[in-house]
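Return a 3D structure for these sequence lines:
(2 chains)
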Amino acid sequence: MTEASAATPDATPEATPAPSPAPEAALPKTYDPSGTESRWQQAWEQSGAFHPDPAAAGEPFAVVIPPPNVTGSLHMGHAFNTALIDTIVRFQRLAGKNVLCLPGTDHASIAVQTILEKQLKAEGTRKEDLGREAFLERAWAWKAQSGGTIVGQLRRLGYSVDWQRERFTLDGGCSAAVVEAFNRLHEQGLIYRGEYLVNWCPASGSAVSDLEVEMKEVDGHLWHFRYPLSDGPAAGGTTHLEVATTRPETLLGDTAVAVNPKDPRYASLVGLTLTLPLVGRQIPIVADEHVDAEFGTGCVKVTPAHDPNDFAIGQRHNLPLITVMAKDGTMNQAAGRFAGLDRFEAREAVVAAMEAEGFLVKVEPYRHSVPFSDRGKVPVEPLLSTQWFVKTEPLAARCREALDPPGGDPAQPHFVPERWSKVYRDWLTGIRDWCISRQLWWGHRIPAWFVVSETGGAITDTTPYVVARSEVEARAKAHVQFGGGTHVHPLVLEQDPDALDTWFSSGLWPFSTLGWPDAEAADLARWYPTSVLVTGFDIIFFWVARMTMMAGAFTGQMPFKDVYIHGLVRDEQNRKMSKSAGNGIDPLLLIERYGADALRFALVREVAGAGQDIRLDYDRKSDTSATVEASRNFANKLWNASRFALINLGGETPASLGEPDPTALQLADRWILSRLARVNRQTAERYGSYGLGEAAKGLYEFAWNDLCDWYLELIKRRLYVGADLDAVAREAALADQRTARQVLAKVLTELLVMLHPLMPHLSEELWHGLTAEPQGTFLALQRWPRFNSAQLDGPLEEAFAELIEAIRVVRNLRAVAGLKPSQSAPVQFISGRPELAAVLRQARADITALTRAERVEVLSPEQADAARSAAGGQRALAGVSGELQVVLPIEGLVDLDALRSRLEKDIAKADKEIAGLAGRLANPNFAGKAPPEVVAECRANLAEAEAQAQLARERLADLAD
RNA sequence: GCCCGGUUAGCUCAGCGGUAGAGCGCCUGCCUUACAAGCAGGAUGUCGCUGGUUCGAAACCGGCACCGGGCACCA
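Numbers count the residues shown, from 1 in each chain, chains lettered A, B, ... in the order given. A predicted model of the protein is given here:
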């Protein structure tokens, strides 16, 4: 099949005839994923296999992927997320749903702008020199190139997304959605503009939201300063207050000192005035609950313009706000003689001055948290600044209500694992307003126009503005409000130069990509709300909560039914992979080495405990991963199982062979069909309920252990029909061969369908090889195999497990005794259980084949005793499994010592079990209180263990002479 | 400070009330006409510590220890 399909993927899908089943010679012994994977990726995409029609039948199922940043290249986190999403989505497609999986990228405003500014700097220029327009042009050009990288890399994973619907958060549709969303929120009073203390990142020259600030422990100092009372010693002789600070430079902006109102030490001083050192400003002593009397001296300097807590104190006490720092992180004119110094230089200088003037009491080393900008990697500065904000509480309230609906309706969205809903709920409770404006150029420009003609042509904090959907609309609105248009005083508008937080547009992603705000959009009508959001826990606040808030406001419902939260992929030393640490493991390298299917399977297989981080082992010297290699080996196992089938199906396909006649089925056939049905039901259940790791493991075990290790081995003797048979025997053998072929073909093809969500390329390739379907037909678009409960046979599976165990005992005995693999030996089974004896008799030919038995006898204990006394006690290899005795009556050429030690081990094991069980049964409470069936089982086990020990002792005694 | 995870075989992890499991690794033997990326056989654990509940605990409850994460932070 490799040869046949490699030439032209699918020039004309419908017309391409089925490739003739490949002759076995054409099939290599090992699977080479490289060509196969890209071939199917192209075929799927070119045929539009994953481009759904909203009008098509089938229950809708939609996923919008978390859009990776255009700055990025594929990392393991993307690969993991993709593997999970694609597994879910491919399963739902097989399940017959009308599936949309929509891809796209995020414009990542700060990240991109930082990169571009770095480039400009290297070229010795600045964005201001370029101008806004040229800068943006350059940004788009950069995006076209870089954005293509990650998209191309996602394709290599075999992502079954609809590339025709690919979106970008800054494309026309998304931009229109952003403008509409901004306007509507503004109309509802949920967007406002004002001067507040914001997190200012001096590195990027922009405000950032609370979420983009990361607290870091830093070794700093605590400086103790003395602030003198202005009007001389107070009652009690106090001449000054001592305050402590980690940020001396801010004292230049102090407008009060606060103490706790209940602090007896300072009660009498509240209301008095201090003289601020270096500055000379008169500042009051105020009483405020926020102050912890226990900490330090119990006095806190208050700098409302440079600290959030102080800002709050300032509000409560009506304190003036004095900003002493400029937006670039240097001290401004208000800092007096320190003006112009960088904030860190100013710190040194202020301390030096305080010391020189005798206000420094002491300095102590102090470890404390400092807010850092996520992007800029520098400490953020709380600064007073006029920005745009979203009033979040009303939006959050709606989300909380959806999560805990009155009347006990199901939570929306439903988190998997459940525990993340608590994290989400907690964050939505006591949420703070969201600063959405950024002093950046790359991004969605804020749809607000300042009426600069009202303030002398410049944008000031008092310039009136209108929010509108376009400049034309803005002008009209301004006209109404400000008249204007006269020759004396023409109306001049200027759009706000700032851009919106990237996450504002990300928050609209689940519906902006489906056509919102066009309520009639076919995709929106068909696929919204989406079915599930799959993402890492690290962006629950950034993204998940923003989407639910926006969706609640604009669509009136939660944007997805389920939220499947997965963990992070960690490196071989359990470290978080990060660009800065340079410990990322390149998924593309692993794909090249092992194949995308192997990587995907490995990632999903590891995920069993949903939501847990997974560790990917990796050898950096050789760029190999044992985990992924194991999955590659599994892929190869499947390849070879299919190869075996192709060689042995006599050129037939599952379709030409048809369903097997139930009455013709042999024991092994019924067993594998029962296992198949069980795995079918179990796997569908797991895929459908986010048990992806379990699904992968279950299929792995079924494919490798049940199918390859046992079923394929068992049917070999039936598939190879000898030429030396007479006509009657030959006819029977051929009929049986056909049954085996039918079962084999059925089991293997259905297995491939079930594996398809996990290993899409390999399964597609093998499925075509087996079914000889035309190239334009895809496994990806087939139906999940029908579950046939009639095939389920629990008792048969149990009996078969015993048969397997019996064969294992024989093999073990042979190994212990040192028999050569080529050497055949007679096998005797002795069982007192007629059912087991019957199974063993039925499987006699199988046992012969699998154990190199010379002959197989199945005896009752009575028959065995008779035979033994007749033979006068005989040396034999013997073992026990349950009540079953396995005897290989063979003389000579046998390692008796090994055999003895095996029996001794058996005895020891049985004795230990006997001791445990007898102990339990001896406890009167056990018999009295445990459920009867447990007691009965215990008794049975004891009896069996005792019998086992006795049998082993007898056999050991036989060996003694 | 508050809130989540985790602690089981050398490694990565399942198991979540009836006397310990898988994969990888390891040991032994096999080029058995699908697969040496394989086959067969084998070894390996006071299930973090400590109380308790129970006839019975790796599992349930309490405490402790250690590892990891999140949130909020006192100058």
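
how about low-confidence regions in chain A?
Residues of chain A meeting the criterion pLDDT under 70: A:1-26, A:376, A:484-488, A:608-610, A:872-874, A:892-893, A:961.

helices and strands around the lengthiest strand in it, which ones?
Ranked by number of residues, the top strand in chain A under DSSP state E is strand A:213-228. Applying 3 or more CB pairs under 8 Å, 6 or more residues apart in numbering; DSSP states H and E, one finds that strand A:213-228 contacts strand A:240-245, strand A:273-275, helix A:343-356, strand A:360-373. Glycine gets a C-beta too; all of them are placed from N, C-alpha and C.

Pick the most buried one from those.
Highest mean neighbour count among the helices and strands packed on strand A:213-228 (mean count of other CB atoms under 10 Å): strand A:240-245, with a mean of 20.

okay, now A:Ala468: neighbour count?
Using other CB atoms under 10 Å, A:Ala468 has 22 other residues around it.

these two touch, right, it and A:Asn183?
Yes: in terms of CB atoms under 8 Å, A:Ala468 counts as a neighbour of A:Asn183; the distance is 6.9 Å.

what touches both of these two?
Jointly contacting A:Ala468 and A:Asn183 under the rule CB atoms under 8 Å, 6 or more residues apart in numbering are A:Pro447.

Would you mind giving the helices and strands packed on strand A:213-228 as TSV with distance to RNA strand B added?
Putting the helices and strands packed on strand A:213-228 into TSV (distance: least, CB to the nearest atom of the strand, whole Å) gives the following:
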stretch	distance to RNA strand B
strand A:240-245	4
strand A:273-275	15
helix A:343-356	12
strand A:360-373	3
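
Do I have it right that A:Ala733 meets A:Gly722?
Yes: using CB under 8 Å, A:Ala733 is in contact with A:Gly722, at 7.5 Å.

where does the stretch 651-800 of chain A come near RNA strand B, residue by residue?
When proximity is defined as CB under 7 Å from any atom of the strand, the stretch 651-800 of chain A approaches RNA strand B at A:Glu694, A:Lys697, A:Glu701, A:Trp704, A:Cys708, A:Asp709, A:Leu712, A:Glu713, A:Lys716, A:Tyr720.

In TSV: these, plus neighbour count and secondary structure.
TSV is the format used below for those (neighbours: other CB atoms under 10 Å; DSSP: H, G, I helix; E, B strand; the rest coil):
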residue	neighbour count	secondary structure
A:Glu694	20	helix
A:Lys697	16	helix
A:Glu701	13	helix
A:Trp704	15	helix
A:Cys708	16	helix
A:Asp709	12	helix
A:Leu712	20	helix
A:Glu713	15	helix
A:Lys716	14	helix
A:Tyr720	10	coil
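
What is the nearest of those to A:Lys905?
Of all those, A:Lys905 sits closest to A:Asp709, with 25.2 Å by CB to CB.

now the closest one: how far from A:Arg643?
16 Å (CB to CB, to the nearest Å).

A:His489 too?
Distance from A:His489 to A:Arg643, by CB to CB: 85 Å.

can you check A:Pro757 too?
23 Å.

A:Val858 too?
Applying CB to CB to A:Val858 and A:Arg643 gives a distance of 35 Å.

One more: A:Pro67?
From A:Pro67 to A:Arg643 the distance is 41 Å (CB to CB).

which of the two has more neighbours?
Taking other CB under 10 Å, A:Pro67 and A:Arg643 do not tie; A:Pro67 has more neighbours (24 against 18).

what sits against the residue in the stretch 401-550 of chain A that RNA strand B sits nearest to?
Residue nearest to RNA strand B within the stretch 401-550 of chain A: A:Arg419 (4.6 Å; CB to the nearest atom of the strand). Residues near A:Arg419 by CB under 8 Å, 6+ apart: A:Gly611.

Ramachandran coordinates for it?
phi -60, psi -20 (degrees, to the nearest 10).

Return the residues of the stretch 351-500 of chain A in contact with RNA strand B.
A:His368, A:Ser369, A:Arg419, A:Lys422, A:Val423, A:Asp426, A:Trp427.

Surely the first one touches A:Thr246?
Yes: A contact is recorded between A:His368 and A:Thr246 when judged using CB under 8 Å, the distance being 5.7 Å.

Need the residues touching each of the two.
A:Gly220, A:Leu222.

Which residue is the nearest non-sequential neighbour of A:Ala949?
Counting by CB to CB, 6 or more residues apart in numbering, A:Ala949 lies nearest to A:Ala910, which is 3.9 Å off, once chain neighbours are set aside.

now the angle from the longest strand of chain A to helix A:343-356?
20 degrees (axes from the mean of the first three to the mean of the last three CA atoms, to 10 degrees).

now what about strand A:213-228, what contacts it?
A:199, A:239-246, A:248, A:251, A:257, A:274-277, A:283, A:296-297, A:301, A:351, A:354, A:358-374, A:380.

swap in stretch A:953-961?
Counting by CB under 8 Å, 6+ apart, residues outside stretch A:953-961 touching it are A:Gly873, A:Gln874, A:Arg875, A:Ala876, A:Ala878, A:Leu896, A:Leu899, A:Arg900, A:Leu903, A:Glu904, A:Ile907.

List buried residues within the residues you listed.
Listed as buried from these are A:Arg875, A:Ala876, A:Ala878, A:Leu899, A:Leu903, A:Ile907; burial here means 16 or more other CB atoms under 10 Å.

Just say helix, strand or coil for the third one.
What it means is A:Ala878. Three-state call for A:Ala878 (DSSP: H, G, I helix; E, B strand; the rest coil): strand.

roughly how far apart are it and RNA strand B?
To RNA strand B, A:Ala878 is 14 Å away according to CB to the nearest atom of the strand, to the nearest Å.

looking at it, that residue is touching A:Leu903, isn't it?
Yes: using CB under 8 Å, A:Ala878 is in contact with A:Leu903, at 7.3 Å.

shared neighbours, these two?
A:Ala952, A:Arg955.

spatially speaking, which residue is in the middle of chain A?
A:His566 (3.3 Å; CA atoms, centre = their mean).

Next up, the contacts around A:Ile85.
A:Val63, A:Ile65, A:Cys101, A:Tyr159, A:Val534.

Make sure it is indeed in a helix.
Yes: assessed by three-state DSSP, A:Ile85 belongs to a helix.

Around RNA strand B, pick out the residues from the stretch 801-950 of chain A.
A:807-808, A:811-812, A:815-816, A:821, A:905, A:913, A:916-917, A:920, A:923, A:925-926, A:928-931, A:934, A:937, A:941, A:945.

quick one, strands of the stretch 301-450 of chain A?
A:360-373, A:381-390, A:414-416, A:434-435, A:437-438, A:448-451 (DSSP state E, counting those that start in this stretch).

which residues are in contact with the third one?
So that's strand A:414-416. Applying CB under 8 Å, 6+ apart, the set of residues contacting strand A:414-416 is A:Ser421, A:Tyr424, A:Lys561, A:Asp562, A:Val563, A:Tyr564, A:Ile565, A:Ala610, A:Gly611, A:Tyr690.

With secondary structure added, can I get the contacts of stretch A:953-961 in a markdown table?
Listed next are the contacts of stretch A:953-961 as a markdown table, based on three-state DSSP:
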| residue | secondary structure |
| --- | --- |
| A:Gly873 | coil |
| A:Gln874 | coil |
| A:Arg875 | coil |
| A:Ala876 | coil |
| A:Ala878 | strand |
| A:Leu896 | helix |
| A:Leu899 | helix |
| A:Arg900 | helix |
| A:Leu903 | helix |
| A:Glu904 | helix |
| A:Ile907 | helix |
